[in-house]
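# sequence first, predicted model second:
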Amino acid sequence: MTSKRLATFFLAAVSALLMALPFAPAVSAAQNARASVRVVVAPDGSGDFRTIQQAIDHAPPEGDGRLIIAIQPGIYHERLTVPQDRARTTFVGLGKDPASTVVTYSMSAAAAGGTFFSSTVDVEASDFEASNLTFENSFGPGSQAVALSIHSDRAILRRCRLIGWQDTLYAASGRQYYDHCYIEGAIDFIFGNARAIFDHCEIHTSGAGYIAAESRTTPDGLGGFVFNRCKLTTGDAEKKSYLGRPWRRYSRVVYIDCWMGTQIRRRGWDNWRNPANEKTAWFGEYHSTGPGANPGQRVPWARQLSAAQAAAFRPQKFLAKPDGWDPVAGARSKLQ
């Protein structure tokens, strides 16, 4: 056998051996330098780790690829942190639906020392993805209590449930895309200053309050929440909700092609007890439908958008800059 053929044979054998190992990377044909690591979490010890945080902390390095944490069905009473040095982390629930795999904890802002310390799951790393599982803060009424906090650019959540009461989701920063998710709460339960799209999601109010509390701080800031083709539901139509209120003065929230139930107040928007916010907040709707859609009775300082104005907030337009990111077209890892 020639030296060249011997080298080829040796490389093929090593490659086959690596692929057989428990943490062997799955190498993409298009990007063979970007390897992924897949591990399994199972509390009964049948997987690679018993807890999700152990998998985050101790899974082998993934290089420039992705750490895929496959989570067996069950209820995980954990508080999780995905640190900045764990970029490209994916959580995948292995159950039949998102309710089969639940990450839950009960922690109030008062007990934690502040709202931003109360999260059940805190994501600090870029390119985070999650699919087919539930994030919950079970504290309930009486305090801010965050289920999921995301400081992550190019974050994608698909078919996930986010459950809380006040401040359920802290969409803090970066570009974030929520696809066919279920988000439940009562007071300011989607808040922060991410550039976030909620696409075909169910937004469920469990009590009287406010859906969105966005916190853009400058008139030219890129942040904003866009609800695109969402359904706004409730468990109690007698407990009324506003579409949003300005957490910061240049708050921006837009609803496009959304169905709204009877729980949505006719005025739609609140100024957070400060009339000056009416001159700076940027709140809009386009083609709202359902019994909660009342364009003629909205506050006069909110906008009814034209088709051209609404087009600027469609997912592939709103999230593209600066790198052309397009989560709608499948800019995500293969969930293995």
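Happy to help now that I have it.
# can you give me the pLDDT of Lys334?
On the pLDDT scale, Lys334 is placed at 41.
# please apply the same query to Glu129.
For Glu129, pLDDT reads 98.
# how about Lys321?
So, for Lys321, pLDDT stands at 92.
# quick check, it in a helix?
No - Lys321 is assigned coil when assessed by DSSP: H, G, I helix; E, B strand; the rest coil, not a helix.
# near it, how many residues? Count them for me, please.
11 (other Cβ atoms under 10 Å). C-betas here are computed from N, CA, C, even on glycine.
# quick one, what contacts it?
Leu222 (Cβ atoms under 8 Å, 6 or more residues apart in numbering).
# and the next helix or strand past the longest strand along the chain?
For the chain, the strand with the greatest residue count under DSSP state E is strand 202-214. Proceeding N to C from strand 202-214, the next assigned helix or strand is strand 224-228, under DSSP states H and E.
# adjacent strands (with direction) for that next one?
Strand pairing for strand 224-228, using DSSP bridges, gives strand 195-199 (parallel), strand 252-256 (parallel).
# which other residues reach stretch 58-75?
23, 25, 33-43, 46-49, 52, 55-56, 86, 88-96, 100-102, 104, 127, 129, 133, 333, 335-336.
# select only the buried ones of those in PyMOL?
In PyMOL syntax, the buried subset of these is picked out as below (16 or more other Cβ atoms under 10 Å):
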select buried, resi 25+34+35+36+37+38+39+40+41+42+47+48+49+52+55+56+86+88+89+90+91+92+93+94+95+100+101+102+104+127+129+133+333+335
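# in helices, which of the contacts of stretch 58-75 fall?
52, 55-56 (DSSP state H).
# tell me which of the residues you listed is nearest to Ser173?
Relative to Ser173, the closest of the ones in helices among the contacts of stretch 58-75 is Ile56; by Cβ to Cβ it sits at 20.2 Å.
# how near is the closest one to Phe49?
Separation of Ile56 from Phe49 (Cβ to Cβ, to the nearest Å): 9 Å.
# and what of Tyr177?
28 Å.
# what is the burial count for the residue lying closest to Phe283 once chain neighbours are set aside?
Excluding its sequence neighbours, the residue lying closest to Phe283 (Cβ to Cβ, 6 or more residues apart in numbering) is Ala302, at 4.5 Å. Using other Cβ under 10 Å, the number of residues around Ala302 comes to 19.
# wait, doesn't Ala302 sit right on Trp282?
No - if you go by Cβ atoms under 8 Å, Ala302 and Trp282 don't touch, sitting 9.1 Å apart.
# name the helix or strand of this protein that has the lowest mean pLDDT.
Least confident element among the helices and strands of the chain, by mean pLDDT, DSSP states H and E: helix 3-20 (a mean of 35).
# in this structure, where is pLDDT below threshold?
Applying pLDDT under 70 to the chain flags residues 1-34, 330-336.
# and it, what are its domains?
35-148, 174-320 (automatic domain parsing).
# for Asp167, which of the ones you listed is the nearest?
Comparing the domains of the chain by Cβ to Cβ, domain 35-148 comes nearest, at 4.3 Å.
# run the chain-centre distance for that closest one.
Here domain 35-148 is found 12 Å from its chain centre; the criterion is Cα atoms, centre = their mean, to the nearest Å.
# how far does that domain stretch from one end to the other?
One end of domain 35-148 to the other measures 28 Å (Cα to Cα, to the nearest Å).
# could you do stretch 223-242 as well?
First residue to last in stretch 223-242 (Cα to Cα) measures 20 Å.
# can you check stretch 304-324 too?
28 Å.
# before we move on, what about stretch 289-304?
13 Å.
# stretch 105-116 now?
15 Å.
# how about it: buried residues?
Neighbour counts over stretch 105-116 (16+ other Cβ under 10 Å) mark 105, 107-109, 112, 115 as buried.
# want to throw the domains of the chain into a markdown table with distance to Gln166?
Converted to a markdown table, the domains of the chain look like this (distance: least, Cβ to Cβ, whole Å):
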| stretch | distance to Gln166 |
| --- | --- |
| domain 35-148 | 5 |
| domain 174-320 | 4 |
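# what's the closest of these to Asp326?
Nearest to Asp326, of the domains of the chain and by Cβ to Cβ, is domain 174-320 at 5.4 Å.
# now that closest one, how far from the chain's geometric center?
Computed by Cα atoms, centre = their mean, the separation of domain 174-320 from the middle of its chain amounts to 16 Å.
# with stretch 143-163 instead?
4 Å.
# the strands in the stretch 1-150 of the chain, which residues?
37-41, 67-71, 74-77, 80-82, 89-93, 101-105, 121-123, 129-131, 134-137, 148-151 (DSSP state E, counting those that start in this stretch).
# for those strands, give me a markdown table that also has distance to Tyr255.
Formatted as a markdown table, the strands of the stretch 1-150 of the chain follow (distance: least, Cβ to Cβ, whole Å):
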| stretch | distance to Tyr255 |
| --- | --- |
| strand 37-41 | 37 |
| strand 67-71 | 32 |
| strand 74-77 | 33 |
| strand 80-82 | 30 |
| strand 89-93 | 28 |
| strand 101-105 | 29 |
| strand 121-123 | 25 |
| strand 129-131 | 24 |
| strand 134-137 | 23 |
| strand 148-151 | 21 |
